[in-house]
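# the amino acid sequence is not available; the structure is as follows:
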C-alpha cells in the first residue's frame, strides 16, 4: 500500500511541475555528463570557430565540436545519416530556412526557447520555439574596385544581364552547397521569373561552391563582380581595406536568416541546450556582429562600419516559400548552368 | 610440375592452411562486398519512389543530356591526358636512362616529387598561377607583351586547364612504366642493329620502339585510368567553368537531397567496366607481368651520345618539372605567408597568421591524426595481406589461387569514388554499420592501394626460389614458420617498399574520403577541399605545405631504409 501511495505522489508531482523545476539545475548537470555538443554549422569557418572557441573557453564542462560545411551539404548529410540510423549532430545552424521548415514537418526538431530570447524581436523566433534565428545577413552583390568603376556598377539586378559582364566577369556560388544562393535566387526568381536564370547562365559566370568564395574571387580580382554573396564577409573585407565594394540593387537584396535548432534525435540534448543558450547570449551575439552579421539581441553594439539593417532595402522570402522554391531553384540551376 | 607438389603437402599436413584460406576470404570480402552492393543499389529505385527493382536508374543516368555531357568530357580529358602523359613520360624516361643528358639524377628526383604531390594540391596552386585574370603567370605575360588587362595566356578554369593540371601529376606514372621497360633492353640489341647498318633513328623505330611497345601501352592505360578516376582536379578546375566530369557528377548525385545512391551507382558502373576492360588489355599486352615486375635488367646498357642536343633534351625535361614542382610550390608557399590575397608578395603583406589560424582550427589536428592513423593502418595491414596473397598465389597454397592474383589487382580498376559509393551502400545499414567510423575509410584505403602492394610483393617474391623454403620444410618447420623465418627476411626490402607505397598515397586520398568522412573522421585532404570551397587558398597552401613536409620525411626515411630503388619499381 505504502509503495503504491508513493508512486501516486510521484506521479502527481510530476504532473504538477512537469520537468520545469528540474530544468535549470539538471540541464547543466546532464550536459556535463554528456560532455560535448556537436554543432553542424554553415557560418564561415572563422566565425564558427570563433564561436566554438569562446564557448569552450568558458569551461562549462561541455565541449563544442564543430562540423563546418555548406548549408546544403549539412542537410544532405543529416538526411543520409538519419537514413542509416546514425545521429551525430545536436545543433543545426544553416542559412537555409527552407530546410528548417522541412525538418519541422518531419518532426525532426526539438522545440526549445533559448534563455533570454524574450528580449529579442519576435521575428527571430519560430512561434512554437522550433528554431530561433542566430544571425542574419543579406545576399548582396559586390564588385572589385580596381576592375569596375563605381558609376558603372549595377544599380538593378537586371544590370547583371548586360552583355558587358559576359565571360567569367561574374561569379556565382552553387545553390546545392550554399543557402545564401538558394534562398537569394528564390527571391530573384520571384521578382524576375525563371528567365532571369537563363539570361544569367548565358553570361557564363564562374561557378564556385560557397557564397563565401564569391567574395574571395572578387577580392582577388579573378571575377569583377559577384551576383550575390555573403554580405557579412564582404563587409569585413571592405573594412579590411580589400579592393571590394557592395553594389546593392535598387529592387532590394534578399534577407538571409540563419536559424539554429536542436535536432529531435540529438545525442547530447542537454549539452545542446547549454550551447544554444550561449549562442543567444550577448557575448556570442557580439562576436557575430563583429563578423558583419545582424542579430536579434537588443544590447549588442554594431561596429561603426556596419550599415544598419533598416537602411537596406530587403527582399523577404516567407519561410514556406523558401521551402517550396528550394528544389525548383536547384533543379533549374543544374539544368541551366550545367553543374 | 615442381610447384604442384607443395599443394598436396599443405592439404595433408599443414594446419596453417587456415591462415591462407582466411586471407583469401578476406580479400574476397574486401572487394566483392562493396561491388555487390553497388550493383544491387543501381537496380533499386529510391524508397520515395517505391524502392522496387528497376532499370530506372540506368535509364535516367544515360538519357538525360545533363548527365551525358560529363561522360564526353571525361573521355576527352582521359584520352588527352594519357597521350600527353605518355609522350612526356617516355621522353623523360628515355633521356634519363638511355642518353648522356646532364643531371639525370635531378630529373629523377623531380619526377619522384611530382609523383608524390597530390594532384588537388597542384590544381589549387595552378589556380593562383594561371587564373585567367589574376594568375601570376598571366600578369607576367601581360607585363612582357604589354597586353590589355583582360587578355590572358592561360586559363586554368577550362577543360584544357584540367588536362594540363592532370598531366603534370600523371606523367610520372608513364615515366615509371616506360623507364622499367627501357631497362630490360640491353644495348647489345641496339648494337646488332647498328652493325647491320641501321642508324640511330632506324634503330629507335625498328628495334627499340617495338620492344618497349608493351610498356608504352601499359603506361598509356595506367595514365588513362588515373585521369578518368581523378576527382580533386576537375572539382577545382572544371566546375568553375560550369562543367562536370563523371567523378564530380557522381559526387553531385550523392550530395543531392533526393539521396540518389542508386543513380550514382548506375552512373559509376560503366566506369568500372571500362577500367576492367583496359586492365585486361594491359594484361594481354604485358603477358603475365604487372608494371612493377618488368624488372630483370639484362645485359649492358650504353648511353647514347647526343652532343649539343643533350642540353635541349635537358631543357625539355626541365619544363614539365618546373610546371609540376617549382612553380606550384613557390605559389603555395608564397600564398601561405600572405596577409591579404588581393595584394602581391611584399614585405608589408607578409604574415604567419595563416599558419597560426590553420593550426588552431578545430578540425585540423584530429584530421592530421586521422590521416596518419589511417595511412599507417592501411599500409601495415595492406602490406601483410598483400604479402600473404602474393605468397599464396605464387606457391599455389589454396585451390583457385591463380584467381587471387587477379582479385588483388582488380581494385586498380575501381575508381575511388565508385568504391566509396559501394562502401557507402554496403556499410550504412545493418548488420554492419561502419559509416561514421574510421573503419570505412580504412577499408576504402586498403582496397584501393592493395594492388600496388601486391605487385611490389609479388615482384620481390619472384626472386626468391622455393628451394630455400623447401629445405627448411624438410627440416620440419611448418609453412607459417617458413614464411616468417625464411621468406619474410629475404624480401624485407619489398615489404618496406610496399608499406611506403600504400602509406604515401593514403596521406592524400581524396576521391573516396570525400564521400565517406564524418565529423569525427575528417582527413587532411578533405579539410583542404573544404578550405578550397570556402575560398581560403591561403589555408589550402598552409595545409599543403604541411602535407608535403610529412611526405618528404616518409620519402627520405624510406630512401635510407630501402635505397632509392623503391620508386623505380
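Thanks, I have the structure now. In this text the structure is predicted, and so the values were computed from the model without any measurement. Numbering: from 1, shown residues only, chains lettered A, B, ... in the order given.

# okay, CA-based contacts and neighbour counts for the rest of this
Noted.

# measure how far stretch A:330-339 is from the centre of its chain, please.
Stretch A:330-339 sits 23 Å away from the centroid of its parent chain (CA atoms, centre = their mean, to the nearest Å).

# what residues does that stretch touch?
Contacts to stretch A:330-339, defined as CA atoms under 8 Å, 6 or more residues apart in numbering or on different chains, come from residues A:175, A:176, A:182, A:197, A:198, A:201, B:66, B:239, B:242, B:243, B:244.

# how close does the fourth one sit to residue A:171?
To tie it back to what came earlier, the one meant is residue A:197. Distance, residue A:197 to residue A:171, using CA to CA, to the nearest Å: 14 Å.

# more crowded one of these two?
residue A:171 (28 against 20; other CA atoms under 10 Å in any protein chain shown).

# for the strand or helix carrying that one, which helices and strands make contact with it?
Per DSSP states H and E: residue A:171 is located in strand A:170-173. Using 3 or more CA pairs under 8 Å, 6 or more residues apart in numbering or on different chains; DSSP states H and E as the contact test, the elements touching strand A:170-173 are strand A:206-208, helix A:211-220, strand A:225-230.

# counting contacts, what elements does the longest one pack onto?
Using 3+ CA pairs under 8 Å, 6+ apart as the contact criterion, the elements in contact with helix A:211-220 are strand A:132-144, strand A:170-173, strand A:225-230, helix A:231-240.

# give the rounded mean pLDDT of the helix or strand just after the shortest one.
Same thing as strand A:170-173. Counting by DSSP H and E, the element after strand A:170-173 in chain order, helix or strand, is helix A:179-192. This predicted structure assigns helix A:179-192 an average pLDDT of 94.

# next structured bit after helix A:179-192?
Beyond helix A:179-192 on the C-terminal side, the first helix or strand identified by DSSP H and E is helix A:195-202.

# let me see the residues that make contact with that following helix.
Outside helix A:195-202, the residues that reach it (CA under 8 Å, 6+ apart) are A:160, A:161, A:166, A:188, A:189, A:332, A:333, A:336, A:337.

# check stretch B:324-340 too.
With CA under 8 Å, 6+ apart as the test, stretch B:324-340 has contacts from A:242, B:110, B:113-114, B:122, B:125-126, B:128-129, B:168-169, B:341, B:344-345, B:349-355, B:537-542, B:544-545.

# helices - which of the residues you listed land there?
B:110, B:113-114, B:122, B:125-126, B:128-129, B:168-169, B:353-355, B:537-542, B:544-545 (DSSP state H).

# quick one on the thing from earlier: kindly present the contacts of stretch A:330-339 as JSON lines, with separate columns for distance to residue B:335.
What follows is these, written out as JSON lines (distance: CA to CA, whole Å):
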{"residue": "A:175", "distance to residue B:335": "29"}
{"residue": "A:176", "distance to residue B:335": "29"}
{"residue": "A:182", "distance to residue B:335": "31"}
{"residue": "A:197", "distance to residue B:335": "35"}
{"residue": "A:198", "distance to residue B:335": "36"}
{"residue": "A:201", "distance to residue B:335": "32"}
{"residue": "B:66", "distance to residue B:335": "36"}
{"residue": "B:239", "distance to residue B:335": "23"}
{"residue": "B:242", "distance to residue B:335": "26"}
{"residue": "B:243", "distance to residue B:335": "27"}
{"residue": "B:244", "distance to residue B:335": "28"}
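
# any idea which of those is closest to residue B:21?
residue B:244 (43.4 Å; CA to CA).

# flag the shaky bits of chain A, pLDDT-wise.
Regions of chain A meeting the criterion pLDDT under 70 cover residues A:1-25.

# that one: strands as residue ranges?
Listed in chain order, the strands of chain A (DSSP state E) span residues A:36-41, A:63-68, A:91-93, A:109-110, A:132-144, A:170-173, A:206-208, A:225-230, A:244-246, A:253-263, A:314-315.

# what parts of the stretch 151-300 of chain A come near chain B?
If contact is defined as CA under 8 Å from any CA of the partner chain, the residues of the stretch 151-300 of chain A in contact with chain B are A:176, A:205-214, A:216-217, A:219-223, A:242-243.

# circling back to that earlier point, can you say which of the contacts of stretch B:324-340 are buried?
Among those, those scoring as buried are A:242, B:110, B:113-114, B:122, B:125-126, B:128-129, B:168-169, B:341, B:344, B:350, B:354-355, B:537-542, B:544-545 (criterion: 16 or more other CA atoms under 10 Å in any protein chain shown).

# where does the stretch 1-150 of chain B come near chain A, residue by residue?
So far as CA under 8 Å from any CA goes, the stretch 1-150 of chain B lies against chain A at B:66, B:131, B:132, B:133, B:134.

# now swap in chain B and tell me
Taking CA under 8 Å from any CA as the measure of proximity, chain B contacts chain A at B:66, B:131-134, B:239-244, B:255-257, B:259, B:340-343, B:361-363, B:428-429, B:519, B:530, B:533-536.

# make it 7 Å
Taking CA under 7 Å from any CA of the partner chain, the part of chain B that reaches chain A is made up of B:66, B:131, B:133-134, B:239-244, B:255-257, B:341-342, B:362, B:428-429, B:519, B:533-535.

# could you tell me which helix of chain B is the longest one?
Longest among the helix segments of chain B by residue count, using DSSP H, is helix B:65-98.

# try chain A
When chain A is scanned for its longest helix (criterion: DSSP H), the result is helix A:319-337.

# just name the most buried of the helices and strands packed on helix A:211-220.
Among those, strand A:225-230 has the highest mean neighbour count (mean count of other CA atoms under 10 Å in any protein chain shown), at a mean of 30.
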